Every structure is written in structure tokens, then in C-alpha cells.
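Engineer: Curious how this folds, go ahead:
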Amino acid sequence: MTSIINIGTNCWDVASAEQTGLLIDGRNYYRAFYQAARAAKRYILICGWQFDSDVMLLRGDDAADGDEVCLLSFLNGLCEKNEDLQIYILAWNFNAVYGIDREWFQKWYFNWTTNDRLTFCFDDCHCLGASHHQKFAVIDGTIAFLGGLDLCSSRWDDRDHCADNPQRVNADQNPYTPFHDVQSYHVGAVAEKVAELFKHRWKLAYCKDLDLPETIERQRIDFLGSFPILSSRVGISRTQAKTEDGRQSSHQEIRRLLVSAIESAENLIYLENQYFSSNALFRALSRRMTDSGRPPLEIVMILAKDTNAFFEKISIGLMQAKLIARLEELASETGHKVGVYYPACLGTDGQEVTTYIHSKLFLVDDRFLSVGSANMNNRSMGLDTEVNVAWEATPEEHAMIESIRRVRVDLLAEHTGATDAASLGELTARKGLVDYLERLAGSGSSRLRRHPCLDVDPAEYESLTSMLPAGFPFDMEQPESENVIYETISDQSDGLFAKGIASLKNMFKTAGAD
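Structural biologist: Numbers count the residues shown, from 1 in each chain. Sure, this is the predicted structure:
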């Protein structure tokens, strides 16, 4: 069996790990980060797409000890208590398009209202049209967290994803809808590699080398609610586009990694993501599905039901609907099974309350698993700055395969609400999985729902998309396509709408979707 992970092709490096695994949903990650950060001796590095100073890391029973739980106050308190501790925070220098959802004047607030050993910096060193989208943290070079979760508002949730949860509120006490994500954790040399990645981006953004102390010895640490992956090896892959000034080179390791994983699939592909609009991943799936010499696949997609914004709906939503429709056609022609779903529950008023899928997880045959910041859209495959980790088992590594299978089954149990022994047995099996999920989704008694793919009025949709090229403007894979987008709009549309689009051009130049 050919290895999927290959250093120099689809992987930056493979590092050793004494412990590694997953933390599912915000409660488990925030609690683990709090635990690890509180034990920090030398330094804490935090990199993200978004931060909020007042996000509560611990809630309910988890916060019963009375310690400070709001992010910035908590971090500042750590510096006040430990005079050797340095904290560095690197955040995307967000575009005005996202200003309504962001905390303003962060550079001033984080730097001037805290200890001198807490330093905040904006990262705007990506290429035009991109966003800095990596989400990770490193403590003392010995523990790293990496995945889809930022330390910001509207991300915390527990695994029940109830319609009403009194703890699922922001600092202003306004509630938000259920939210699902996945973060990985790593103890060992892999944390040093992630710290190296942070140092590189810090030098680009802050224009200074980051002189970190030597890694200290770390005792074993256990995180409540974690799912260990029984592997001592972790691959790290990146996405970033080359900048015109040459300071940032091009890497498409994540794209190549996922394409290689698709090509290797023998029985099952299971993914969770906000989007599925990547042309590269669609082409890889199409090639695999039309290879008559290979066995049929069970392909399960857990996707966010709705996009976050209007322009995402008519750009990413358009492409996603087209690609999924074509995959379903291919499945009916070739004997493969494709199931596309989202989870939801009923509120007290009887109305559906969806769980927003924000995770970026890709699993093949229960022997390969990748988690990180990269969405399965075009910009995450070539334009934005992204980082993923991956684990791969050989056929002889039965314990590792079983640990990956356990993750998949537990995630499906969360999304379906099916936790009895018989249901777990059905979820464990690879053959017939889509048929079983279809029965659950159609039963009316499961949390699982068939995905509508594109929920928009057909007449309105045709009217809007006739004026826009596919992928406008958030889902381009290469920076040079930006000019093509604006030229196409100019050619295809006129009147007030065209003028409105032109007036937004500068805002969209650096817009990026989470």
C-alpha cells in the first residue's frame, strides 16, 4: 500500500509525538487550552483568524473554581503571576467586510492594557485577496493545539448541541446557535515544529526574530474529553500563496495531501467541512469514482447547511451545489454511494435549530485522518495561509486504525444522536454506511438531515448569479484571478448593481471567509 503522506510533496514535515489526538467541540478545546496555558513556564504562542478579548474559556461547572476565565484577562494574569512568561498573539489583519463581527482597536487594547510581556501583532503578510487563516497555539514548545477553532466569540459549545443552552452566550449574554468544530492536540516534538511555523510568520508580520527559550521537559498531560490517536508520528501540511514581494513562497501541500488521500481510498471517505467547493478535490473524487478497476466507495459529507454571508451563498454556494449534484450523478452511474448531511434538532417552538459545521476533517478508510484550518474550498487549497495535521496508519497498525475509527463513529453518533449499541454497530461498519445514514435522515427521529445543498429561491438565484462569475469573490484559488473577477463583472453587468459591486472592490481585495 502506497503511503499517502510524503514529505516535500504534500507534507512540510513529519514530527514525533508522545501524545496526540482530538478535542471535539469548543468546550473541550477551550478547557484543554486553559489547562495547558495555566501550566506554562516560558511562553505561549497563539495564532488565529479572529480573537475576542472577552471570550469565556470556561463556563458552567468548568469555571467553578472562581479563576479568571475571559481570554485576555486570563492571559494577562498568567504574565502577572510568572515573571518569566512571554505571550505572543498573531491575528489576521481583518478586512472591513468583517468589521461588524470584530473587536476593534485590538492592537492598542491587547498591547497597552496588559503586561509588557504580552505582545499582540496583526498578520497582513499574505498575498492580495487572501486571509491569514491558521488557528493554533503552542505552550513552551511541548504542547500544541491545531485545528478549526479560534479563541473568539460564538465558537464555544458542548457536544450535545442543544437548541437552548444557557452557557452558549457571548460576553454580552446574547445567545448564538449550536456550533461544531474539531481541534487536535500534540505533546512532543511536533509542538516544536508548530512553534517554528509561528516564528516564521511572526518575523514576516512583526519584522523581528522571535527568540524563544529552550524547550522544557513536559510531563504527561491528560485532557478531559480527548480522543487519543495511537500514533507517534504527525504530518504537518500548509497552504499559502506567493506574494509579489517574494517574502512568502507558494505551498499547496494540503491540496496535494487531500488529493492523494482521495486517490488511495478503497472503501470510505468521511469528511466534515463548512464547504465543498474545491475544484481540485472534486476532480480527484471524479477520477476515483470513474476508475472502473477500483472498489465502490461510501462517501459521507457532513457540511454546514447555510453559508455565513450573502456573497458566500452566491459564490461558494453556487459551486458547491454544482459539484455535489455532479458527484451524485456519478454515484448513480458508477455504483458508489454519496450521502450529504447536516445535523439539527428541534427548539421548544418546534422549529429546526441547525448545528453549524465549522470543522475541517478528512478521513479515509479509518487509516488516514487530517484535521486543520483548511476548508474544502478553492481559497483554502491555494490562496489563504492554512495549516493541517495528518495521521496515517499502516495495515499492521491495528490499534491506530481502531483509534481513528473510534473518532469517526463518535462524530457520527454526535451528529445523528444515535448512541445505543445497535446504532453504534451500524455506524462502525463501512459497507452500507450511506444507506444507514439515509434511513436515519429520512426517519424524522434523528438529528441527521439530508443537505439541501443550495437553499435559495430559484428565480432570485438565477438573477443574481447571471451577473457574477462562479466563485466570486471569496472562493478564488490564485491571487491573479482577482482582476479576472472584476473584469468579468464589468463585462456581464450594468446599472446600479454593477456600480455597487465596483464600489465594494477595495473591500473585497483582502476579504477572506472563515
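
Engineer: need the strands for the stretch 301-450 of the chain, in chain order.
Structural biologist: Using DSSP state E, counting those that start in this stretch, the strands of the stretch 301-450 of the chain run over residues 337-346, 352-354, 356-357, 361-364, 368-372, 386-392, 448-450.

Engineer: residue boundaries of the strands in the stretch 151-300 of the chain?
Structural biologist: Under DSSP E, counting those that start in this stretch, the stretch 151-300 of the chain gives strands at 179-180, 182-187, 226-228, 233-240, 251-252, 268-273, 298-303.

Engineer: need those in CSV with distance to residue 329 and mean pLDDT, can you?
Structural biologist: Every C-beta, even on glycine, is put in place using the N, C-alpha and C of the backbone. Formatted as CSV, the strands of the stretch 151-300 of the chain follow (distance: least, C-beta to C-beta, whole Å; pLDDT from 0 to 100):
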stretch, distance to residue 329, mean pLDDT
strand 179-180, 29, 98
strand 182-187, 30, 98
strand 226-228, 35, 98
strand 233-240, 29, 97
strand 251-252, 28, 94
strand 268-273, 17, 98
strand 298-303, 13, 98
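
Engineer: Need the winner for burial among those.
Structural biologist: Across the strands of the stretch 151-300 of the chain, averaging neighbours per residue (mean count of other C-beta atoms under 10 Å) puts strand 182-187 on top, at a mean of 26.

Engineer: where in the stretch 101-250 of the chain is pLDDT low?
Structural biologist: For the stretch 101-250 of the chain, applying pLDDT under 70 flags the ranges 101-105.

Engineer: hey, where'd the helices end up in it?
Structural biologist: For the stretch 101-250 of the chain, the helices defined by DSSP state H, counting those that start in this stretch occupy 106-112, 189-206.

Engineer: same check, this time on the stretch 351-500 of the chain
Structural biologist: Going by DSSP H, counting those that start in this stretch, the stretch 351-500 of the chain shows helices at 378-382, 398-416, 421-428, 433-443, 458-465, 481-492, 495-503.

Engineer: Compare the strands of the stretch 151-300 of the chain and report which one is nearest to residue 38.
Structural biologist: strand 182-187 (15.2 Å; C-beta to C-beta).

Engineer: tilt between that closest one and strand 268-273?
Structural biologist: Relative orientation of strand 182-187 versus strand 268-273 (axes from the mean of the first three to the mean of the last three C-alpha atoms, to 10 degrees): 100 degrees.

Engineer: Give me the distance between strand 182-187 and the centre of its chain.
Structural biologist: Centroid separation between strand 182-187 and its chain, computed with C-alpha atoms, centre = their mean, to the nearest Å, is 12 Å.

Engineer: can you list the residues that contact it?
Structural biologist: Residues external to strand 182-187 that are found in contact with it (C-beta atoms under 8 Å, 6 or more residues apart in numbering): 17-25, 28-29, 32, 135, 142-149, 194, 218, 220-221, 223, 226, 234, 272, 359-361, 371-372, 389.

Engineer: Parallel or antiparallel, list what pairs with that strand.
Structural biologist: Pairing partners of strand 182-187, with direction, according to DSSP bridges: strand 19-24 (antiparallel), strand 143-147 (antiparallel).

Engineer: Run through the residues that contact the nearest residue to residue 169 once chain neighbours are set aside.
Structural biologist: Leaving aside its sequence neighbours, residue 169 sits nearest to residue 175 (C-beta to C-beta, 6 or more residues apart in numbering; 5.0 Å). Going by C-beta under 8 Å, 6+ apart, residue 175 touches 164-165, 168-169.

Engineer: picking up where we left off before, would you turn the strands of the stretch 151-300 of the chain into JSON lines with distance to residue 322?
Structural biologist: Formatted as JSON lines, the strands of the stretch 151-300 of the chain follow (distance: least, C-beta to C-beta, whole Å):
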{"stretch": "strand 179-180", "distance to residue 322": "25"}
{"stretch": "strand 182-187", "distance to residue 322": "27"}
{"stretch": "strand 226-228", "distance to residue 322": "35"}
{"stretch": "strand 233-240", "distance to residue 322": "23"}
{"stretch": "strand 251-252", "distance to residue 322": "23"}
{"stretch": "strand 268-273", "distance to residue 322": "17"}
{"stretch": "strand 298-303", "distance to residue 322": "14"}
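
Engineer: Could you give the average pLDDT over the longest helix seen in the chain?
Structural biologist: Identified as the longest helix of the chain according to DSSP state H is helix 310-334. Averaging pLDDT along helix 310-334 yields 83.

Engineer: Next, the angle from that helix to strand 298-303.
Structural biologist: Interaxial angle of helix 310-334 relative to strand 298-303 (the same axes, to 10 degrees): 170 degrees.

Engineer: how far does helix 310-334 sit from the chain's center?
Structural biologist: Per C-alpha atoms, centre = their mean, the centroid offset for helix 310-334 relative to its chain is 20 Å.

Engineer: Repeat that for stretch 185-196.
Structural biologist: Using C-alpha atoms, centre = their mean, the offset of stretch 185-196 from its chain centre is 19 Å.

Engineer: Please list all residues in contact with the residue nearest to the spatial centre of the chain.
Structural biologist: Nearest to the geometric centre of the chain sits residue 148, at 3.1 Å (C-alpha atoms, centre = their mean). Taking C-beta under 8 Å, 6+ apart, we find residue 148 in contact with 135, 181-183, 358-360, 371-373.

Engineer: follow-up on the earlier one: looking at the strands paired with strand 182-187, spot the one closest to residue 426.
Structural biologist: strand 19-24 (20.4 Å).

Engineer: Need the winner for burial among the strands paired with strand 182-187.
Structural biologist: Most buried among the strands paired with strand 182-187, given mean count of other C-beta under 10 Å as the contact rule, is strand 143-147, at a mean of 27.

Engineer: what does it rub up against?
Structural biologist: 23, 29, 32-33, 36, 135-138, 181-187, 190-191, 194-195, 218, 221, 359-360, 371-373, 387-389.

Engineer: how does it look with 7 Å?
Structural biologist: Residues outside strand 143-147 that contact it (C-beta atoms under 7 Å, 6 or more residues apart in numbering) are 29, 32-33, 36, 135-138, 181-187, 190-191, 194, 218, 221, 371-373, 387, 389.

Engineer: Might you list the low-confidence residue ranges for the stretch 351-500 of the chain?
Structural biologist: 454-474, 480-500.

Engineer: run the last query once more with 50
Structural biologist: Where the stretch 351-500 of the chain drops to pLDDT under 50, the residues are 470-472, 481-500.

Engineer: okay, now the domains of this structure?
Structural biologist: What automatic domain parsing lists as the domains of the chain is 13-228, 250-450, 458-508.

Engineer: I'd like those domains written out as a markdown table, with distance to residue 514 added.
Structural biologist: Shown next, in a markdown table, are the domains of the chain (distance: least, C-beta to C-beta, whole Å):
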| stretch | distance to residue 514 |
| --- | --- |
| domain 13-228 | 6 |
| domain 250-450 | 7 |
| domain 458-508 | 10 |
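
Engineer: These: which one's closest to residue 2?
Structural biologist: Of all these, domain 250-450 sits nearest to residue 2, with 6.7 Å by C-beta to C-beta.

Engineer: So what's the gap between that closest one and the chain middle?
Structural biologist: From the chain centre to the centre of domain 250-450 is a distance of 13 Å (C-alpha atoms, centre = their mean).

Engineer: so how far does it reach from one end to the other?
Structural biologist: 37 Å (C-alpha to C-alpha, to the nearest Å).

Engineer: ditto for stretch 179-196
Structural biologist: End-to-end for stretch 179-196, by C-alpha to C-alpha: 30 Å.

Engineer: Stretch 329-340 too?
Structural biologist: Counting by C-alpha to C-alpha, you get 13 Å between the two ends of stretch 329-340.
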